[in-house]
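Visitor: Provided below are the primary sequence and the corresponding predicted coordinates.
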Amino acid sequence: MFNFDELTNSVADGQVDKAAELTQKALAAQVPAKEILDKGLLPAMNLVGRDFESGQIFLPELLMAGDAMKASIVLLRPELSSTGAAYAGKYVIGTVEGDLHDIGKNIVIMMLEGNGWEVTDLGRDIPPQRFCEEIEKGSYDILGLSALLTFTMPKMPETINVLKEAGLRNKVKVMVGGVPLNQSFADQIGADAYARDAVEAVIKAKELLNK
Ligand code: B1M
């Protein structure tokens, strides 16, 4: 039996090398990547999020935990994004302006790729105009916007407005996601879909194409 707690603690403690080593160990023991993510890695982010909020840890610790998370997730990528799935469509995604959180977005990308989507990742801290330029020049089915901070959420309606002003809103479906969001926010800003997590992002993306 693989010890998920040890992996969780190594990520939460920001031990980059140990976290990567334990992730390798889990993969070598044939633990499915999705299980490593759900049982070993994601709980670490909840742990540090809680400790940060209660003032038990500070930004440097948060940063180190984020680095350990990324070092582990990258090892899961080959399995999560390997695809036997048929081509699904073109998806462009980014984290909105002012927001540096990209771990969740990167997981969404891997799951989409694993389900046949061709994904362009614009990265993080992406201004509305940059999203707009990309939609103008590409032929994307879906634009995905991620935000993890309550104070960057307003960049989502701003991006949708910039698309409208450029006459591009009908060219692409807009999906939004990130921990502070919910369906009613998505409805309020005129997004076409809201996804709670990466698994739901895949389901909603498919639904959007069928609409
Ligand atoms: Co920050 N941070 N952080 N942080 N951080 C949060 C979000 C916070 C909730 C922590 C807390 O206080 N409990 C809090 C936000 C509070 C709020 O806004 N109300 C917070 C804060 C305050 C901050 C700073 C402001 C701290 C400071 O400077 N004083 C600062 C802001 C910097 C900035 O962005 N401008 C900051 C910085 C950072 C780090 C850079 C150190 C680091 C991020 C590293 C990185 O991403 N490269 C970090 C981290 C790691 C976190 C927590 C601990 C973990 C986030 C994470 O990766 N979760 C987080 C607390 C928490 O969430 N529990 C916290 C795991 C990830 C897999 O989940 O991102 O939710 P998540 O993604 C999910 C879903 O949300 C969804 O699917 C994903 C996978 O299932 N999803 C989508 C996401 N995007 C989607 C898009 C979709 C669909 C679904 O479609 C397009």
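Guide: Alright, I've got the coordinates.
Visitor: quick one: low-confidence ranges for this structure?
Guide: Per-residue confidence for the chain (pLDDT under 70) gives these ranges: 83.
Visitor: longest strand in it, by residue count?
Guide: Scanning the chain for the longest strand, with DSSP state E as the assignment, gives strand 117-126.
Visitor: Measure how the helix or strand just after it sits relative to strand 117-126, angle-wise.
Guide: The element immediately downstream of strand 117-126 (helix or strand, assigned by DSSP states H and E) is helix 128-137. Going by axes from the mean of the first three to the mean of the last three Cα atoms, to 10 degrees, helix 128-137 is angled at 150 degrees with respect to strand 117-126.
Visitor: following helix 128-137, which helix or strand comes up?
Guide: The next secondary structure element downstream of helix 128-137 (using DSSP H and E) turns out to be strand 142-146.
Visitor: What residues sit buried inside whatever helix or strand comes next after that next one?
Guide: As assigned by DSSP H and E, the chain's next helix or strand after strand 142-146 is helix 155-165. For helix 155-165, a neighbour-count test (16 or more other Cβ atoms under 10 Å) marks 155-160, 162-163 as buried. C-beta: built from backbone N, CA, C; applies to glycine.
Visitor: same thing with stretch 125-132?
Guide: When burial is assessed from 16+ other Cβ under 10 Å, stretch 125-132 yields the following buried residues: 125-128, 130-132.
Visitor: Good, wrapping up.
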